[in-house]
Every structure is written in structure tokens, then in C-alpha cells.
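Peer 1: based on what follows, work out the 3D shape:
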Amino acid sequence: MPTTQETPTTSPIGRKTPRVDGPLKVSGTAQYASDFHFAGMLYAVLVEATIASGRVVKLDTAAAEKMPGVRAIFHRENIGKIFRSVQGEGFDGIIDERRPPFEDDVVRYYGQYIALAVADTFERAKAAADAVRVTYAKDKHNVATDLVADDEPDVVDTSFAPTKRLQSERGDPDRAFASAPVKLDQTYVTPTETHNPIELQATIAIWEGSKVTIYEESQGVFNLRGLLAQMFGLPKENVRVITKFVGSGFGSKLWPWTHCPLAVAAARQLGKPVKLVLSRKMMFQTVGHRPRTQQRVRLGATTDGKLVSLQHDYVNHHAILDNYLEDCGEATPFHYSVPNLRVKFGRARRNVGSPTAMRGPGAVPGLYATESAMNELADQLKIDPVRLRVLNEPKIDESLGIRFSSRHLLECFELGADKFGWSKRTPEVGSMKRDGLILGWGMAGCAWIAARFPAEANFQLRDDGTARVACGTQDIGTGTYTILAQLASLKAGVPLDKVEVALGDTSLPEGPLSGGSMVTGSVVPAVFAAADNAIASLLTIATTTPGSPFEKRKTDELSFEGGRVFVKAARPANGAPFADLLQRANVRVVTGSGKSEATFGDPEPKFSTHSFGCHFVEVTWQPEIARLRVSRVVTVIDAGRIINPLAGRNQIEGAVVMGIGMALLEHTSYDPQNGAPINSNLADYMMAVNADVPPIDVHFLDFPDKEINELGARGIGEIGLAGIAAAITAAVHHATGVRVRELPVKIEHLLTSSVLS
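Peer 2: I've put the predicted structure just below:
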């Protein structure tokens, strides 16, 4: 079975490639949104509501306005007009908190922005914000953790489009479940989780007449441009968004948040550049989180392990005014073969800031529930959990009735089990030991959607032998600069150090948003089309320039490879370098543009396109002191062709680390007394750190998926987080006998362990 580790290559594609932007980052010269500085720049600090429900009765800004260096205290009465945006086609105009900031005096969650202090230094702005006095009329708030679905119609609005609450159905799942000889009916809970990228959210806004430039750590610069154009009544061409580097986002920077238009409005009012950087505490309140979910999974099976019924009913919390859906059922309809299935969702409103996409939205908490249920069913049937999944492997996507473009999940199980040593597992709880510790082994499968967003690119070949590729997407830390450099190196036939990559600017050709693990798959055909057009222009120059070695040739007699133009009947080494041809023609640069269409959201797809994989996990359990550790992980991913195995492995390793945090540590708690996130700091919000991370053995299968693009590459940013929590909780049960169905696993869960002694 081929893996990328076993396939060395001299091509820039598939080669372990250090990040081309690495030297900029480690030297501190890479500029993130808040790193820019402009003459006369002012600093803004937000005033947040300290209640979760009610209204602002009075804002006393008199003392703050008189403080040294304060330029203004903005609020509802003086911020100026900020229009409400509306959603367009596709991903145009997507935003989770649609209400414009300061639109009314109603407070709907703790930390909601109610005023903005602007001064000539950050310290003075912070002091002024602290000096604003607020009088509230409080109402009763609701941050309850028990989720009961609100009474909603069969079709509801979501962040993207109206959606049927009954998401998928086939057969008669109720009757099949009732008559099944083996049944499982359990509820699984995932908590609120907060994105904690190292880079805080920030905006710098600069007006020049009727045009505004925004420096923002955005995962979608074109969507942000369109929204700001709407909110300030501007044509899109009058708004420029620049995002050169992003210090991670995990989805929190996918859609705009209300601090951004406030910075833009303040800069408009004051006629000066304004910088606004959120605090870490604000990151827990106003820029999204993964919502709490409750998921009931019912499985019916035969005694030999064949699924006959699967029902997945889930509820997620969301904010008072938003329509956010955590699509936990995204992978459920196609992941296993089952003739009778139903997936349905509900939502419960709470006085919290709007949830948003967090790495692997929907499928990550959803697969935690369904994979946990499969592991429980395997134990109930006394069948190996790998064997149970193999028994229920589908031949087609049974939800759509179409073939998978590429699905090699069985090979993932086979390779993962072999690398992990799964055959040595004994199923009895607490039966495996090493060095005085009890071992627990668990596994789970994973899946993630694969598709393309629309993309455009520009490609240049220059007379100095260099190339340039430009696309208005952004690199959020996942290696997009390097991927585009590799693509350009392949097409231009030049080394990576002779490729310039331009990203993160709406003045560039429109590129995809950095979400859904779709950037790589989306940009490949656009970059290749642009390169081919540039090469076509080069061949024309080669055949029309006096004195050219190809002057008397026709373009269809020529080819281009390895940076050289040559006659098709000859070898590339006998050709002429493109730089020589351009110099001879006195042409500085040839340029090509290219675009590719979206496949995401296709109403009539020919194939079901997804990536797949699995995790095998070992935990150690020390009952004498109730110490649990993840000690070993093997992950195998089927994601088509891997363009950069070095960055790809890094992505999966990071996702597994995040999965350890999801399973054992992470949760955001809201104070029932005031509705505030209690653990809104990096001391009290627990995440996996180096000491928590075991050896992680990552393997990629090498089965290119040509339905996605010419290279057969699919995105891999999120799939590594899917399924890992279920594998960990299965390992916890194997070691301790405790079945944890509400994340994260806590020590108080394990103190009831049947093998605690």
C-alpha cells in the first residue's frame, strides 16, 4: 500500500518542503495585522457590557472624555451610520453576528460592545474605556447547559442558507430500530470550546477620501471587503483588505466580527488611522466559539454486527439573534452502510455571543458522537471495533446514491492497525499493562468534506528567470505560501527560491476563503490555468521574435518543461531558457490569468467527494493517583495526493494535539449568575501543551483524487481533529471501565473507575 513517506520525489510536488515564509516568521519580520504602524495612528479600546441580558439605560462618558489624549468616546449616538448587511450568493456577505454594532441599547450577551474609547496611546484609550460608567436595566439571562430544542419550523435560516431540520432520511429507521436484536441508545455531549489562536483579533482602518484600507487577520478577505462595502455604503472597489499573515484562526477569523466596523467607523469620524486589538478576555466573548452540543445516537444492529438503523438527533446552542447551525450530521448519512437512517437537528437560544465555525465544524463533534456509539456497539456485540466498521463499509454514498470519487477507509484501518499493533489488543477492561501502568487502546474513523471554492490566479514568467504567482486567498498558518510556491515551481520549472508568492490582498485576483480545508484543492486548477496561459504567451514570443531559435516554428510544435522552451521532438535540455527568450524579445514579463469553478454546493454532484482516515490511541492509567495520559497515537489519512508531506504531517499532528485538548481538557464555562465566561484566560482555559503530547505517528495514503483537481490533492487541515476524541474516550474505557459520554473527560469521572485501587 503506497504512502507518501515511501515515495521520494525530485518534483516540487510531493516533496517535504520547509515553509518559504518560515525565515520571515522566525526573524520577526513577518507583519501580522496589528504589527503595522502609520503616522498619526490612534488606538481604540472597547467598552463591554457586564450583564448578559437587559439594556443600557445610561452611558456616562463625561470623565472619560476629559482624560489626557482622548480623542473620542463613541457610542450609539455618535458612531455614525453603519448599515445592516445582507447575504448574497455563495459566500458573499456571510457573517455570524448580523446586527451592526451599537444598533440598539439591548444587551444580549456578556461582553457585547457598548462603547469605544479612542486616544493617542493604547494606555490612554484603555484608561478612558475603564472610566466609562454604565447603568443597566437587567433582565433574566439564560446560559443553561441542558439543551432542549426550541420550537422551530421544519425549515430554518442558518448562517449560509435556509436548511431543512430533517437533514437526511432513508428507509424506516424507527421500525428497524424497534425490531433490531441489538440496540444502543445514548446521548453524547460536547462543551462550548473557545478558539485560542496566538494572534489576537485586530483591525487597523485607514481612510483616504472615500476609500478605506483595512489591515485584518482575516480568513476571508473578499467576504470582509464585501461586508464592509455594504456596512459603509461603498462600492467594493473602494474597500481594500490586507492580510499578509495570520497567527492561526481555527475558524474564529473566518467571518467578520463587530470590532472591525467599529474601527472603520472611528477612523472615518476622526480622519486618522485607528488600531483596535482585542484582549484575550474579549476573545472568549465576542469572536465566536464552538457551541455546546447534545447528540442522541440510536443504533440498531444484527447480532453479527450489521447496522440496520441509525438515528442521529442533535441540538446546539446559539445566540439570541443569530442562526448558527453546528452541522453535527454532516458525515452521518454516508459514513457507514445502513438501510434505515434519519438525521435531524434542533437549536436552543442562549445569552451568549454568536458561535462560529471551529476547526472541523459539525463533523468533529458529530463524529465524536457517532464513532463513540460505534465503539459502544462493538463492545456490546463483543466484536472488534475495527471489524465492526469493516462490516459496515458502504460501497457508495447511500445518502446521495452516487459513487465516492475516492474512498480508501479500509486501507486506512489496515495500515493504522498494523502500525499501531492493534492485533495485540485484549478487549477486557484493564487487561493490558506496561511498566506498572494500565493501558487503554481505542480507535475511531474520521471523514471530512472535499470540494473546491471558486478561485482566480495570476502567473508571471520574468526575464530574470523568476516567476510570480498571485492569488487573493490568505495563509492562516497552514502553509499556503509554500503550496503556491510549489505549484509555481512545477509549472515554471524554476527552484522555489526563484518564485514570488503574493497572497492576502483584495487587490489580487479573487481567491477562496480559508475554511473547510479547501484552499489547496481550489487553487491548483486556477494556478495551473494561469501558468498555461502565461506559457502560451511565451511560446508566441518564441516563434515571433527575430533571431529566436524557434522563429520559424509554429507554437504547436513547441513545448515547455523545466523552465525551457523546446521542440516537442527534442529533449527539454536542448531547449532555450524562458529568461533568454524574454530578454531577446525585450519583454520584461509574460502574464497569464486563470480561474476555476466551485464544486462545493453542487446540487447535482456526479461523485461524493470526501477525505477519510482513522486514529488509533493508547492511554496510560495510573489508578493509585488517578493519572491519565495519552501515550501514543497512530493516524492514517486518505486525502488524495499530498503536495507537501512536511506541512501536511504538521497539520495532522496539530489537529491531534487539539483533539487531545478536546477529549481531556477544553471547555468554556459560563457563570449562571452573570452569564460571563468564567475561565476566559489562558491560565484557566486548559489546552494541551507539550507535556500532554505523546509521539504522533502520521501516515498518508497516496491515492490521487482527480475529481478535485489535476493533481488529485484534497485539503487536510481539519480531518485530523475528526474522530480523535472518540478514539481517546474508547481508550479511556478500555483502561478504566468508565464510559465518558460528556467531554472533556474529568478526574471526577475516573474516580469511579472499576479498576481504581
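Peer 1: quick one: the helices in the stretch 301-450 of the chain, in order.
Peer 2: Under the criterion DSSP state H, counting those that start in this stretch, helices of the stretch 301-450 of the chain are mapped to 332-335, 363-381, 385-391, 409-420.
Peer 1: could I get the buried residue list for the longest one?
Peer 2: Think helix 363-381. By neighbour count with 16 or more other Cβ atoms under 10 Å, helix 363-381 contains the buried residues 363-379, 381. For the C-beta atoms, the positions are set from N, CA and C on the backbone; glycine is no exception.
Peer 1: isn't residue 425 up against residue 432?
Peer 2: Yes - under the criterion of Cβ atoms under 8 Å, residue 425 makes contact with residue 432 at 7.2 Å.
Peer 1: picking up where we left off before, identify whichever of the helices of the stretch 301-450 of the chain lies nearest to residue 595.
Peer 2: helix 363-381 (28.6 Å; Cβ to Cβ).
Peer 1: can I get the closest one in PDB? Just the C-alpha atoms.
Peer 2: These are the backbone C-alpha positions of helix 363-381, laid out as PDB (Å, rounded to 0.1, in the frame of the first residue of the first chain):
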ATOM      1  CA  ALA A 363     -18.300  16.800  11.700                       C
ATOM      2  CA  VAL A 364     -15.900  17.000  14.600                       C
ATOM      3  CA  PRO A 365     -18.500  16.900  17.400                       C
ATOM      4  CA  GLY A 366     -20.800  14.800  15.200                       C
ATOM      5  CA  LEU A 367     -18.200  12.100  14.600                       C
ATOM      6  CA  TYR A 368     -17.300  12.100  18.300                       C
ATOM      7  CA  ALA A 369     -20.900  11.000  18.900                       C
ATOM      8  CA  THR A 370     -21.400   8.500  16.100                       C
ATOM      9  CA  GLU A 371     -17.900   7.000  16.500                       C
ATOM     10  CA  SER A 372     -18.400   6.700  20.200                       C
ATOM     11  CA  ALA A 373     -21.700   4.900  19.600                       C
ATOM     12  CA  MET A 374     -20.000   2.500  17.200                       C
ATOM     13  CA  ASN A 375     -17.300   1.800  19.800                       C
ATOM     14  CA  GLU A 376     -20.000   1.100  22.400                       C
ATOM     15  CA  LEU A 377     -21.900  -1.100  20.000                       C
ATOM     16  CA  ALA A 378     -18.700  -3.100  19.300                       C
ATOM     17  CA  ASP A 379     -18.300  -3.700  23.000                       C
ATOM     18  CA  GLN A 380     -21.900  -4.700  23.300                       C
ATOM     19  CA  LEU A 381     -21.600  -7.200  20.400                       C
END
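Peer 1: and that helix, how far out from the chain middle?
Peer 2: Counting by Cα atoms, centre = their mean, to the nearest Å, helix 363-381 is centred 23 Å from the centre of its parent chain.
Peer 1: counting contacts, what elements does it pack onto?
Peer 2: Secondary-structure packing of helix 363-381 (3 or more Cβ pairs under 8 Å, 6 or more residues apart in numbering; DSSP states H and E): strand 182-190, strand 293-301, strand 307-318, helix 332-335, helix 385-391, strand 437-449, helix 724-736.
Peer 1: deepest of those, which one?
Peer 2: Mean neighbour count (mean count of other Cβ atoms under 10 Å) peaks for helix 724-736 among those, with a mean of 29.
Peer 1: packing partners of it?
Peer 2: Under the contact criterion of 3+ Cβ pairs under 8 Å, 6+ apart, helix 724-736 touches helix 363-381, strand 437-449, strand 610-622, strand 627-638, helix 645-664.
Peer 1: which of those sits closest to residue 307?
Peer 2: Using Cβ to Cβ, the nearest of the helices and strands packed on helix 724-736 to residue 307 is helix 363-381, at 8.4 Å.
Peer 1: about what we covered before: same list (the helices and strands packed on helix 724-736) but as JSON lines, adding mean pLDDT and distance to residue 306.
Peer 2: Formatted as JSON lines, these follow (pLDDT from 0 to 100; distance: least, Cβ to Cβ, whole Å):
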{"stretch": "helix 363-381", "mean pLDDT": "98", "distance to residue 306": "10"}
{"stretch": "strand 437-449", "mean pLDDT": "98", "distance to residue 306": "17"}
{"stretch": "strand 610-622", "mean pLDDT": "98", "distance to residue 306": "20"}
{"stretch": "strand 627-638", "mean pLDDT": "98", "distance to residue 306": "24"}
{"stretch": "helix 645-664", "mean pLDDT": "97", "distance to residue 306": "29"}
